[in-house]
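Peer 1: Take this sequence and fold it.
(chains A and B)
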Protein chains: 2
Amino acid sequence: MASSLTAAYPWTTSPLISCAPMRLIANASLAAAVSMAGGLGFIGAGSDISTLSSELSKSREIFSKSNFTTSKSGILPVGVGFLLWGAPLKDTLAILSKPENIPAAVWLFAPRDQTQLRDWADGVRKATANKTKIWIQVTSVREALDAVKIAKPDVLVVQGTDAGGHGAAQGAGIVSLVPETIDAVTEHCKTASTTLPFFVATGGISDGRGVAAAICLGAQGVCLGTRYLAATEATIAPGYQDAVLRASDGGTTTIRSSVYDQLRGTTEWPAGYGGRGVLNASFRDHESGVSFEDNKKLYEEAVASGDKGWEGDRARLTTYAGTGVGLVKGVEPAEAITRKVQSDAAKILNETRARL
Amino acid sequence: MASSLTAAYPWTTSPLISCAPMRLIANASLAAAVSMAGGLGFIGAGSDISTLSSELSKSREIFSKSNFTTSKSGILPVGVGFLLWGAPLKDTLAILSKPENIPAAVWLFAPRDQTQLRDWADGVRKATANKTKIWIQVTSVREALDAVKIAKPDVLVVQGTDAGGHGAAQGAGIVSLVPETIDAVTEHCKTASTTLPFFVATGGISDGRGVAAAICLGAQGVCLGTRYLAATEATIAPGYQDAVLRASDGGTTTIRSSVYDQLRGTTEWPAGYGGRGVLNASFRDHESGVSFEDNKKLYEEAVASGDKGWEGDRARLTTYAGTGVGLVKGVEPAEAITRKVQSDAAKILNETRARL
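Peer 2: Residues are numbered from 1 along each chain as shown, chains lettered A, B, ... in the order given. Here you go, the predicted structure:
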């Protein structure tokens, strides 16, 4: 175990800024750009590893062309995120264990049952000779304790309910969830004489103020998702990205729901999860009693209309985004985003101290 | 307008710690104790001013006995919170305008319509010769802009959805809500050439870590509610206070709902609000389809059982509390709570900076 979170990823700077493994959106180009800016980018494999090998290969190419060397450890300086309810463990290990593929970290989320966390953590550690760090995302104090007991993660990603996309259907924001989780896990590790994981906060953090706040709450690093939807390197439809830039006041204009999953056909999520997205006509029609069949038909028509499906009052295409969406004001390279939120956080902590 | 938030309340120290005007719970003894510890305590008048005169009188007695002198301005160093949908403006002004009663601040929340904010702000300012500062609590960026435009508050209390008790039925945590609100209000005030209010963050803050986080988010002060439920001076049933101490993992064990209001008969809240409380048998029965009449009968039986009504799996009495309830571990004097969260916040900001 490294003495600090950033020491485990020698190209990174403190506080660690990571990019969420957003399925379909966080690919090699985004993940590599975040890492090259001193952060840790995650490729979002999700439940489907069909493009994992090619994305890892693409990231190697990007690093190679940029002469970005990281360390003599031979790890690939990106992480990969998996949804355990769907991703196949054995085939995943076959890919990750290839010497050229060994990632800096795997991010495990949404197991069907807790034993999957142990199987994945053990499997990845064995397949990569302990080179790959285990990150586990949790949404409650209880989940955090369970994960620590069964899988001894290197990092706990503590996800507040402000997060965009999938998370617990019901939960707390990081303001209370992060400190309570840290206290409970610290007490457990002390009693059990086991190593304390590092803590990464996520959910509603869109700028340096959120990063500085997360550090005060006790996290050693943060993860941003929504802000990177507006990264130049994100694999995202222009209509989706424009909808993110337009949205504001995310507490009232986004909602966590399973409606978007139902319409998109991603219905294999275990019970207890929902996706936060911008309130749209699909959601309103669902709430007002429009039948699923009719709503689905309207959704498919919107899909067929392309980027127009995100426009106007009758927008129906899913805009997964967190409550911090209103702080995302323009499209920038991931490097600029990463460096800015990090340096703003440092500046805020300096100024704030002086102000007291 | 004072140059800093604490300058307006000369007995306070930075960052300003205030105690939420919790109806029935935050009375003279709690409010006075918070102020005497260098914070700003609020008496929770709510929608009912029948005890307001006597509570103000009691607070004067407490200050007098403690030789707590504040300034030559002649204001009473506590605030009073009102729910505008219910509190009678004219009768309230008659009480607040008496020279011995003039409070340091009024806290306005939940108007039936925006014009009430203007009527109350104008009325209080006139009745107290501008001595009483106007605090307005808002739950979204839109509400903040509306409040600033119509009532020019001295302080905006920005309430995240993690807050216990009443708040917007749907909303964001302070991690995104506070910075976006500050940005939007700052832009408006610049364009309109009007004075920028101070910002106080509330919702999910239970300890020094939350306070430090709120300061990083841009707030000049904070407000705690749930933590003060466990203050020695809180007017609270032992069963309720014990339930607060027992609760943990508030993201999964509390929920925002209107069920508790319905059972308690406090049904005059405008649409769009709900109260966050610990999930109990009343809530579960409501969700599982038990009729309101049957649920109400069971609730009344629990009321008749006294403190036992908060005990066990079949607890039915309302435990309003925020998601930070798990960070509340013991009953302490309000002075100790106030001083500790403030000094812990300062310490964290110092240490955190050094760690980067």
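Peer 1: Helices of the stretch 51-200 of chain A, start to end?
Peer 2: Remark: helices assigned in the stretch 51-200 of chain A by DSSP state H, counting those that start in this stretch are A:52-65, A:89-96, A:114-127, A:141-151, A:174-192.
Peer 1: Any residue of the longest helix belonging to chain A touching chain B?
Peer 2: The helix spanning the most residues in chain A, taking DSSP state H as the definition, is helix A:334-355. Yes: looking at helix A:334-355 against chain B by CB under 8 Å from any CB of the partner chain, the contacts come from A:345-346, A:348-350, A:352-353, A:355. Using the backbone N, CA and C atoms, a C-beta is placed for each residue, glycine as well.
Peer 1: distance of residue A:57 from residue B:36?
Peer 2: From residue A:57 across to residue B:36, the span is 66 Å (CB to CB, to the nearest Å).
Peer 1: The two: which has the busier surroundings?
Peer 2: residue B:36 (20 against 13; other CB atoms under 10 Å in any protein chain shown).
Peer 1: mind giving me the domain ranges of chain A?
Peer 2: A:6-236+A:329-355, A:238-325 (automatic domain parsing).
Peer 1: how about JSON lines for those domains, with mean pLDDT added?
Peer 2: Output for the domains of chain A, formatted as JSON lines (pLDDT from 0 to 100):
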{"stretch": "domain A:6-236+A:329-355", "mean pLDDT": "96"}
{"stretch": "domain A:238-325", "mean pLDDT": "96"}
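Peer 1: Make CSV from these and add distance to residue B:125 to it.
Peer 2: Rendered in CSV, the data for the domains of chain A read as follows (distance: least, CB to CB, whole Å):
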stretch, distance to residue B:125
domain A:6-236+A:329-355, 28
domain A:238-325, 29
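Peer 1: Deepest in the core, which of these is it.
Peer 2: For the domains of chain A, the stretch with the most neighbours on average is domain A:6-236+A:329-355, a mean of 22; neighbours defined as mean count of other CB atoms under 10 Å in any protein chain shown.
Peer 1: now that one: how far from the chain's centre is it?
Peer 2: Here domain A:6-236+A:329-355 is found 6 Å from its chain centre; the criterion is CA atoms, centre = their mean, to the nearest Å.
Peer 1: Stretch A:252-266 now?
Peer 2: Using CA atoms, centre = their mean, we find the averaged C-alpha position of stretch A:252-266 to lie 17 Å away from the chain's own average C-alpha position.
Peer 1: Can you check the distance spanned by that stretch, start to finish?
Peer 2: This stretch, stretch A:252-266, spans 25 Å end to end (CA to CA, to the nearest Å).
Peer 1: Does chain B have contacts with it?
Peer 2: Yes: taking CB under 8 Å from any CB as the criterion, stretch A:252-266 and chain B are in contact, through A:252, A:255.
Peer 1: Against residue B:198, how distant is residue A:212?
Peer 2: Taken as CB to CB, the spacing of residue A:212 relative to residue B:198 amounts to 19 Å.
Peer 1: just residue A:5 next, same as before
Peer 2: Noted for residue A:5: a distance of 35 Å to residue B:198, by CB to CB.
Peer 1: residues from the stretch 151-300 of chain A in reach of chain B?
Peer 2: Within the stretch 151-300 of chain A, the positions near chain B by CB under 8 Å from any CB are A:160-162, A:168, A:170-180, A:183-184, A:203-207, A:209-210, A:212-218, A:248-252, A:255.
Peer 1: Would you state the helices of the stretch 201-350 of chain A in chain order?
Peer 2: According to DSSP H, counting those that start in this stretch, the helices that the stretch 201-350 of chain A contains are A:208-216, A:226-229, A:238-246, A:250-253, A:259-264, A:281-287, A:292-304, A:334-355.
Peer 1: how big is the angle separating the first one from helix A:174-192?
Peer 2: When axes from the mean of the first three to the mean of the last three CA atoms, to 10 degrees is applied, the directions of helix A:208-216 and helix A:174-192 differ by 30 degrees.
Peer 1: what do you get for the last one?
Peer 2: Between the direction of helix A:334-355 and that of helix A:174-192, the angle (the same axes, to 10 degrees) works out to 90 degrees.
Peer 1: From the rest of the structure, what touches helix A:334-355?
Peer 2: A:13, A:15, A:17, A:19, A:30, A:33-34, A:36-39, A:41, A:207-212, A:215-216, A:224, A:227-228, A:230-234, A:332, B:14, B:212, B:215-216, B:349-350, B:352-353, B:356 (CB atoms under 8 Å, 6 or more residues apart in numbering or on different chains).
Peer 1: Please apply the same query to stretch A:64-77.
Peer 2: Here stretch A:64-77 makes contact (CB under 8 Å, 6+ apart) with A:9-11, A:32, A:35-36, A:40, A:56, A:59-60, A:62-63, A:99-104, A:131-132.
Peer 1: Please report the distance of residue A:125 from chain B.
Peer 2: 28 Å (CB to the nearest CB, to the nearest Å).
Peer 1: How about the contacts made by that residue?
Peer 2: Contact criterion CB under 8 Å, 6+ apart gives A:132, A:134 as the residues in contact with residue A:125.
Peer 1: quick one: residue A:144 and residue A:138 touch, right?
Peer 2: Yes: Residue A:144 lies in contact with residue A:138 (CB atoms under 8 Å); the separation is 4.4 Å.
Peer 1: Mind listing the shared neighbours of the two?
Peer 2: Contact criterion CB under 8 Å, 6+ apart; residues bridging residue A:144 and residue A:138 by contacting each: A:156, A:158, A:181.
Peer 1: Against residue B:315, how distant is the last one?
Peer 2: What that stands for is residue A:181. According to CB to CB, residue A:181 stands 25 Å off from residue B:315.
Peer 1: what residues are up against residue A:275?
Peer 2: Residues touching residue A:275, when contacts are defined by CB under 8 Å, 6+ apart, comprise A:165-167, A:256-258, A:260-261, A:318, A:320.
Peer 1: swap the cut-off to 7 Å and go again
Peer 2: Listed by CB atoms under 7 Å, 6 or more residues apart in numbering or on different chains, the contact set of residue A:275 reads A:165-166, A:256-257, A:260-261, A:320.
Peer 1: Which member of these is positioned nearest residue A:85?
Peer 2: Nearest to residue A:85, judged by CB to CB, of these is residue A:166 at 10.7 Å.
Peer 1: The residue lying closest to that closest one once chain neighbours are set aside and residue A:206: what is the separation?
Peer 2: Once its chain neighbours are removed from consideration, residue A:166 has its nearest residue in residue A:275; the separation is 4.9 Å (CB to CB, 6 or more residues apart in numbering or on different chains). When CB to CB is applied, the distance between residue A:275 and residue A:206 equals 18 Å.
Peer 1: How about residue A:322?
Peer 2: With distances defined as CB to CB, the gap from residue A:322 to residue A:206 amounts to 7 Å.
Peer 1: Find the residues that touch each one of the two.
Peer 2: A:226, B:176.
Peer 1: In the stretch 201-350 of chain A, which residue sits closest to chain B?
Peer 2: In the stretch 201-350 of chain A, no residue comes nearer to chain B than residue A:251, which is 2.9 Å away by CB to the nearest CB.
Peer 1: Surely that residue is in contact with residue B:177?
Peer 2: Yes: if you go by CB atoms under 7 Å, residue A:251 and residue B:177 touch, sitting 5.6 Å apart.
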